[in-house]
Structures are given as structure tokens and as C-alpha cells.
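Enquirer: give me a model of this one.
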Amino acid sequence: MITKNVILFISFLSLFGCDLFDDDDPEPLISEQQIDYSNSQSKVGCYVSGYSNVSSFGNKGVTFYDNYYDQKFNEEVVLQGSFFGGIPARVFVLYEPTVNHKNAYASPTGEILFGYHMFYYTVSTYGELAAAGVLAHEWGHRVQQSQFGNIANPLAELEADAFSGLYMGLAKLWDWNQIRGYFANVYATGDYNFNSPDHHGTHDQRLAAAYLGLSTAISISQSGSPMTYSQMHNLFTNEINSSILSKTVNNKINYSDEYISKSQIEDVKKISSGINIDRNVRVSDQLSIDDVRKLWPVE
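Expert: Here you go, the predicted model:
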């Protein structure tokens, strides 16, 4: 079901053209009060770690100043609003102060803010599917915020990666020609800030969490039975705690874990680095889009 909030976003989305890599910071189409989450940083889900000490992130608007990408983003917001049924989100473009502050955020007040610089960097470096993955990660945070309350990092970030992987497996199986870019982007955003409350997980951990979501999607497609958000939350958090966070050696995944083998994670790493492999993990080609939609999360 497409939420009213998504429809409202679509209703005022205007399309404006611009050069794709304009060096000048954009002036937002709708300039609102400068966003300041300094009093609720611990409750804001972000895609890239390291900016929790930034008290304000700039203004928000509704355009990337490019007709093509505004339309594509418009369509993606509608699709994700339908996929994450019952999870409200008002989606805006965030005009970060500089490209060095590129990021995307989900707030407990119900907003998803996708950075202008984050969007163009992601699309140009990793492809459009990777940008969809960032948005799905933030919608995963909205699932947490609306259903389960505040969750500490890195568990919160890794579960959001798992929700993103789930979305890739159930809603984007026809766009898998870009799956390498999606995995490469997830892998690149890992960090080693173990002592920081903003720690998002290591490179291997984030990749494994996204793979967890993807493998869950495959399991759902094989069983033909959708899962509730509570069921997925329990599955994701249990697997992340037992197989991704607790079973690490020298900050590396312990590949003896039953749910993900060394060969599987190595395949994913090869995919993320652009190497073709003979075997690929994907949902069955026999499923139609209508079949898959019946497997999307249920409340």
C-alpha cells in the first residue's frame, strides 16, 4: 500500500534540469528551516558513520535538479513506500553543506533525507541500484523507529543493511545487472570506529548483513510465505548478534558460520569488485512481479 505521506511527496515533486556534476552547491527548490538534529543524534539513522558531531545538515527540498533523476527517484520512492507497507516516511532531498558531508538520514519524526551530494556520488560511483539500496537502508531505519524503538549501533545499522538486502532480493531482482555496484557500495561504507557510538560495522560485517537480507528474500521466495516485521526483526537481530557481531576474529567474519559460507561471501566480494562468477544468488526467474509482491513484508 502506498502511504499518504509518499503520495504527498509525489504531489509536490517538481522536475528541474541542471548539469549533473555542478560544482556549486544547489539552492533548494523549497527552502525550509535549516535541519538541526543536534538534540537527537543518537536516534537518527544515517548511512555513513562519522558525522554524528555535526549539529546541522543544511536545508531540505524536493529536487536533484535533473529531470531524469527526479523522475527515477520519484518512482523509487513510490516502489519503496509500497514495499515497506505500513511504515510511514516523508522523503526529501537534503542539501548537505559540502560533498564531504554526503549522507542520508532517517529521523524518528518520520522523515527520510537523501543527500544531494550522496545521491550523485553514489550514482556516479556505484550505479542507480546502489542509490536505491541507500534509500532502502533508510527505510529500514524507519521500520526500526516505528516498530521497535531506539536500537544501538552497530546493530541498528547492520539490521538496516539487512532490510536493504531484503528489498534487493524481493523488489529489484530484474535490476540485478547492477548488483555489483550495490554490494560494492555497502562494502565500502564499513568502518573501524569500534569505540564510537556511531560505529556502523566493518566492511565485512556490513556486506554480511546485506547478504543476510538477500538470503532471507530467497528463503521467502522459496517458501512462498511472507514474514511480518517482527519476524524479520527477530531473525535479523539474532543472526547479526550471533553470526556477524559476536563471531569475529581480528575484525574479520568467522566463515564457519552456517548461514553464510566462505565461498558465498567470497562470491559476493567478487561481485562487488566487478569480477564475473559462474554462480549467482538471485530469486527464481519463475516468479512474476505480482508473485513477488505477495511476499513483501506484512504488518
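
Enquirer: for the stretch 1-150 of the chain, which segments count as helices?
Expert: 4-11, 67-83, 116-126, 128-147 (DSSP state H, counting those that start in this stretch).

Enquirer: for the one helix or strand Leu235 maps to, buried residues please.
Expert: Assigned by DSSP states H and E, Leu235 falls within helix 229-239. For helix 229-239, the neighbour count (16 or more other Cβ atoms under 10 Å) marks Tyr229, Met232, His233, Leu235, Phe236, Thr237, Glu239 as buried. For every residue, glycine as well, the C-beta is placed using N, CA and C.

Enquirer: go on, stretch 136-151?
Expert: Ala136, His137, Glu138, Trp139, Gly140, His141, Arg142, Val143, Gln144, Gln145, Ser146, Ile151.

Enquirer: tell me the pLDDT at the closest residue to the third one other than its chain neighbours?
Expert: The spatial neighbour of Glu138 that comes closest, neighbours along the chain excluded (Cβ to Cβ, 6 or more residues apart in numbering), is Ala106 at 4.2 Å. What the model reports as pLDDT for Ala106 is 92.

Enquirer: now do the helix or strand hosting Asn185: which elements does it pack against?
Expert: Assessed by DSSP H and E, Asn185 sits inside helix 179-188. Applying 3 or more Cβ pairs under 8 Å, 6 or more residues apart in numbering; DSSP states H and E, one finds that helix 179-188 contacts helix 116-126, helix 128-147, helix 155-171, helix 203-223, helix 262-272.

Enquirer: pull the CA atoms of it into PDB?
Expert: Extracted C-alpha coordinates of helix 179-188, given in PDB (Å, rounded to 0.1, in the frame of the first residue of the first chain):
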ATOM      1  CA  ILE A 179      24.000  -5.700  -8.200                       C
ATOM      2  CA  ARG A 180      27.800  -5.500  -8.200                       C
ATOM      3  CA  GLY A 181      27.500  -1.800  -7.600                       C
ATOM      4  CA  TYR A 182      25.000  -2.300  -4.700                       C
ATOM      5  CA  PHE A 183      27.300  -4.700  -2.900                       C
ATOM      6  CA  ALA A 184      30.400  -2.600  -3.600                       C
ATOM      7  CA  ASN A 185      28.700   0.400  -2.100                       C
ATOM      8  CA  VAL A 186      27.600  -1.500   1.000                       C
ATOM      9  CA  TYR A 187      31.100  -2.900   1.500                       C
ATOM     10  CA  ALA A 188      32.800   0.500   1.000                       C
END
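
Enquirer: got the buried residues for it?
Expert: Here helix 179-188 shows Ile179, Arg180, Gly181, Tyr182, Phe183, Ala184, Asn185, Val186, Tyr187 as buried, counting by 16+ other Cβ under 10 Å.

Enquirer: the fifth one against Ala209, yeah?
Expert: So the one you mean is Phe183. No - counting by Cβ atoms under 8 Å, Phe183 sits too far from Ala209 to count as a contact (11.5 Å).

Enquirer: the closest residue to Ala217 other than its chain neighbours: neighbouring residues, count only.
Expert: Of all residues not flanking Ala217 in the chain, Gly169 sits nearest, at 2.5 Å (Cβ to Cβ, 6+ apart). Around Gly169 there are 27 other residues, counting by other Cβ atoms under 10 Å.

Enquirer: Gly169 and Ala136, how far apart?
Expert: Taking Cβ to Cβ, to the nearest Å as the measure, Gly169 falls 11 Å from Ala136.

Enquirer: how about the nearest residue to Gly190, chain neighbours excluded?
Expert: What sits nearest to Gly190 in space, not counting adjacent residues and going by Cβ to Cβ, 6+ apart, is His203, at 3.2 Å.

Enquirer: quick one: neighbours of that neighbour, just the number.
Expert: Other residues near His203 number 19, with proximity taken as other Cβ under 10 Å.

Enquirer: one more: Ile218?
Expert: 18.

Enquirer: Throw the buried residues of helix 179-188 into JSON lines and include distance to Asp161 and pLDDT, thanks.
Expert: Below are those laid out as JSON lines (distance: Cβ to Cβ, whole Å; pLDDT from 0 to 100):
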{"residue": "Ile179", "distance to Asp161": "15", "pLDDT": "76"}
{"residue": "Arg180", "distance to Asp161": "17", "pLDDT": "75"}
{"residue": "Gly181", "distance to Asp161": "15", "pLDDT": "83"}
{"residue": "Tyr182", "distance to Asp161": "11", "pLDDT": "87"}
{"residue": "Phe183", "distance to Asp161": "11", "pLDDT": "84"}
{"residue": "Ala184", "distance to Asp161": "14", "pLDDT": "84"}
{"residue": "Asn185", "distance to Asp161": "11", "pLDDT": "89"}
{"residue": "Val186", "distance to Asp161": "6", "pLDDT": "89"}
{"residue": "Tyr187", "distance to Asp161": "10", "pLDDT": "85"}
